[in-house]
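Asks: Provided below for reference: sequence and predicted model.
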Amino acid sequence: MKQIILYIRQRLSIRLGMLIVVVVTLFFIMLLNFLFYRCKLYIQHAAIDHATQLLDNTAERINGIMNETELVTNYMAVTTTRHLHPDSLLAFTRRTVAENYFLTGFAISMEPYFFPSMGRYFSAYSLRHRGLPASNTTLDSITTVREGPFEYFDALWYKTPHTLGTPCWVDAYDDYNEGTLSSPDILTSYCCPMRDADGRYVGSVTASLTLKWLSGAFASLKPYPNSSAIMLGRDGTYLVHPDTTKLFRQNIFSDADPKAQRDINILGRSMLGGRSGMMRTVVDGQYAYIFYRPLERTGWSLAIVCPESDVFARYNRLLVMAWIIVAVGLMLLMFFCYQTVCHAVQPLRQLDERAKRIADGLFDEPLAPSTRCDSIGRLTNSFIRMQQSLAASVTAVRRCNDDLQQQNDDLARAYQLKLETNRRRSAFVQDMYHEIRTPLNVISGFTQVLSAGLHELPDDDVADFTARMKQSAADIKKLVHGIANTPFQS
């Protein structure tokens with residue numbers, strides 16, 4: 001690792017390329033973050049619009065079915081009061097079910113002892129048995145009966161309009177009663193009170209829809225592959241849910257994810273309050289968007305649960321592809337930057353090599369001048385002129401050094417010659433000293449003898465002494481004359 005770092009630090013092209021890539025990467029990251037943020041907002045808004053539109057369309061479809069159910073029921077409540085005969089009521093219920101494919105059951109239930117001959121109970125009931133597939137009504141069968149004796153007066157579908165005195169929708173209920181014609185499915189009903197000409201309550205007309213059939217139109221609503229639909233009753237009970245074990249047994253408040261209990265409570269209160277909207281919360285351990293709106297007539301609320309992973313599936317795929325493209329692009333950018341920077345700094349690398357050779361003492365190797373007009377070209381040409389000036393200076397210094405060396409050699413030879421001259425002069429002086437000292441000693445000795453006893457010496461001795469002194473003086477004179485006539489040599 002240290003070698004790699006050292007190699008990078010020694011390569012200007014790599015460092016410049018990495019610097020360019022880092023700057024470009026930061027710029028692209030900021031740009032991509034902004035673009036993807038805007039893209040995510042757009043996808044989120046598009047998902048909200050899409051899911052809301054589907055939810056509204058489905059609600060309108062269900063409302064349309066309910067409208068038709070209300071129109072048929074209200075019409076039959078008015079018409080029936082003009083034909084209050086047991087057989088007519090049985091025919092009315094059968095014809096109503098046959099002519100309205102969306103109805104599962106239709107009942108006309110009279111007040112106790114309305115028909116004295118029939119006893120306390122009279123309820124004409126027609127039930128549709130749907131074939132498979134349920135959308136093919138030609139395979140349906142209809143059973144019409146006078147229901148057996150049971151206290152239908154306490155049933156929700158009869159007691160509610162009687163108590164309120166107005167038509168109304170009732171919550172889903174189980175239609176099973178032992179000994180009577182019953183639907184195997186959970187039903188929801190629209191109930192309309194019947195009144196005679198005097199305004200007295202005489203019975204109830206009830207049009208029933210199976211919750212299974214009604215929820216089929218809603219549950220098929222899947223804006224995304226893993227989305228699901230739920231429908232809440234007036235008390236928050238699940239009327240439609242992808243998990244059928246929760247139907248009519250759990251409500252939205254008891255089924256909340258512990259991580260999102262507070263959000264689910266707010267969502268439940270908002271849905272039961274008849275409001276529309278959207279909420280992001282945790283469902284089954286993952287974040288999801290919940291779009292909801294009420295069914296005004298019933299007090300129920302519809303909702304679509306869209307996992308966040310589905311909503312942003314295309315966005316996430318786009319994000320992964322974008323990052324792959326960015327990574328590949330940055331690698332290609334790094335490669336091209338490296339090649340471009342290498343080409344740009346090639347003269348600098350040559351200058352570096354040339355500087356190393358100059359540091360090693362090689363000043364005369366030529367370097368081709370650059371034709372570039374940028375800073376690197378000017379630097380190269382300036383370096384060449386500097387090299388030429390340096391080479392000329394080094395040549396001059398070498399020449400000066402050679403001259404100084406020659407002078408030093410001459411001085412050394414002169415010094416040796418001077419030493420030899422001094423030695424010879426000393427030897428010459430020594431020889432002269434010995435040559436002169438002998439005659440001088442003779443003269444000095446005889447002078448002392450003559451001074452001490454000139455009158456006492458014989459003439460022969462005096463003459464001998466005098467002759468010798470003259471001879472010594474002549475020798476000295478000859479020696480001095482020889483020195484004076486000898487030329488001086490260094």
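Replies: Everything's here; your move.
Asks: Would you confirm that Gly233 contacts Leu239?
Replies: Yes. Counting by CB atoms under 8 Å, Gly233 touches Leu239, with 5.1 Å between them. To be clear about C-beta, it is placed using only N, CA and C from the backbone, and glycine gets the same treatment.
Asks: what is in contact with these two at once?
Replies: Listed as contacting both Gly233 and Leu239 by CB atoms under 8 Å, 6 or more residues apart in numbering are Ala172, Trp300.
Asks: now the strands for the stretch 201-350 of the chain?
Replies: Using DSSP state E, counting those that start in this stretch, the strands of the stretch 201-350 of the chain run over 201-210, 228-232, 238-240, 277-283, 286-295, 300-307.
Asks: Out of these, which gets nearest to Ala368?
Replies: strand 286-295 (67.1 Å; CB to CB).
Asks: same question for the closest one, mean pLDDT?
Replies: Computed over strand 286-295, the mean pLDDT rounds to 88.
Asks: In it, which residues are buried?
Replies: Ala288, Tyr289, Ile290, Phe291, Tyr292, Arg293, Pro294, Leu295 (16 or more other CB atoms under 10 Å).
Asks: so which of these comes closest to Phe153?
Replies: Once CB to CB is applied, the member of the buried residues of strand 286-295 that ends up nearest Phe153 is Leu295, at 27.9 Å.
Asks: for that closest one, which residues make a bridge with it?
Replies: Trp300 (DSSP bridges).
Asks: and Gln346, how many neighbours does it have?
Replies: Neighbour count for Gln346, taken as other CB atoms under 10 Å: 12.
Asks: distance of it from Ala59?
Replies: 72 Å (CB to CB, to the nearest Å).
Asks: same question, Gln471
Replies: According to CB to CB, Gln471 stands 168 Å off from Ala59.
Asks: go on, Gly216?
Replies: 15 Å.
Asks: Also Leu90?
Replies: Leu90 is 35 Å from Ala59, by CB to CB.
Asks: What of Asp360?
Replies: In this view, Asp360 and Ala59 are 90 Å apart by CB to CB.
Asks: okay, these two: which has more neighbours?
Replies: Ala59 (19 against 8).
Asks: Please identify the helix or strand for that one.
Replies: helix 12-80 (DSSP states H and E).
Asks: Ok, Arg95 next?
Replies: helix 86-99.
Asks: Could you list the domains of this protein?
Replies: 16-208, 222-311, 402-484 (automatic domain parsing).
Asks: Go through the ones you listed and name the closest to Thr340.
Replies: domain 16-208 (8.1 Å).
Asks: Give me the mean pLDDT for the closest one.
Replies: 84.
Asks: ok, now stretch 429-439?
Replies: So the average pLDDT for stretch 429-439 ends up being 75.
Asks: Please spell out which residues along it are buried.
Replies: Ile436, Pro439.
Asks: which residues touch it?
Replies: Residues contacting stretch 429-439 (CB under 8 Å, 6+ apart): Gln471, Ser472, Ala473, Asp475, Ile476, Leu479, Ile483.
Asks: chain center to that stretch: distance?
Replies: Distance of stretch 429-439 from its chain centroid, counting by CA atoms, centre = their mean, to the nearest Å, is 113 Å.
Asks: Let me have the domains of the chain in TSV, adding distance to Ala322 as columns.
Replies: TSV is the format used below for the domains of the chain (distance: least, CB to CB, whole Å):
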stretch	distance to Ala322
domain 16-208	7
domain 222-311	18
domain 402-484	73
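Asks: what about these, which gets the closest to Ser382?
Replies: Among those, the nearest to Ser382 by CB to CB is domain 16-208 (21.5 Å).
Asks: my read: Tyr289 touches Val282, true?
Replies: No. Tyr289 lies out of contact with Val282 (CB under 8 Å); the separation is 11.4 Å.
Asks: Please work out how many residues are found near Arg275.
Replies: Neighbours of Arg275 using other CB under 10 Å come to 12.
Asks: surely it meets Pro294?
Replies: Yes. Using CB under 8 Å, Arg275 makes contact with Pro294 at a distance of 7.1 Å.
Asks: where do the helices sit along this structure?
Replies: Taking DSSP state H as the criterion, the chain carries its helices at 2-10, 12-80, 86-99, 156-164, 211-219, 261-272, 308-311, 313-359, 375-453, 459-484.
Asks: Would you mind giving those as a markdown table with distance to Gln250 added?
Replies: Formatted as a markdown table, these follow (distance: least, CB to CB, whole Å):
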| stretch | distance to Gln250 |
| --- | --- |
| helix 2-10 | 62 |
| helix 12-80 | 22 |
| helix 86-99 | 32 |
| helix 156-164 | 21 |
| helix 211-219 | 16 |
| helix 261-272 | 12 |
| helix 308-311 | 24 |
| helix 313-359 | 29 |
| helix 375-453 | 78 |
| helix 459-484 | 149 |
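Asks: got the phi/psi numbers for the closest residue to Arg234 other than its chain neighbours?
Replies: Nearest non-adjacent residue to Arg234, counting by CB to CB, 6 or more residues apart in numbering: Gly299, 4.4 Å away. The phi/psi pair for Gly299 (degrees, to the nearest 10) reads phi 80, psi 10.
Asks: hang on, the earlier thing: of the helices of the chain, give the one that comes closest to Tyr201.
Replies: So among the helices of the chain, helix 156-164 is nearest, using CB to CB, at 6.3 Å.
Asks: helices or strands next to the closest one in the packing?
Replies: strand 168-174, strand 186-195, strand 201-210 (3 or more CB pairs under 8 Å, 6 or more residues apart in numbering; DSSP states H and E).
Asks: Point out the most buried one among these.
Replies: Comparing those by mean neighbour count (mean count of other CB atoms under 10 Å), strand 201-210 comes out on top with a mean of 24.
Asks: Would you mind getting the angle between it and helix 86-99?
Replies: Strand 201-210 and helix 86-99 are oriented at 30 degrees to each other (axes from the mean of the first three to the mean of the last three CA atoms, to 10 degrees).
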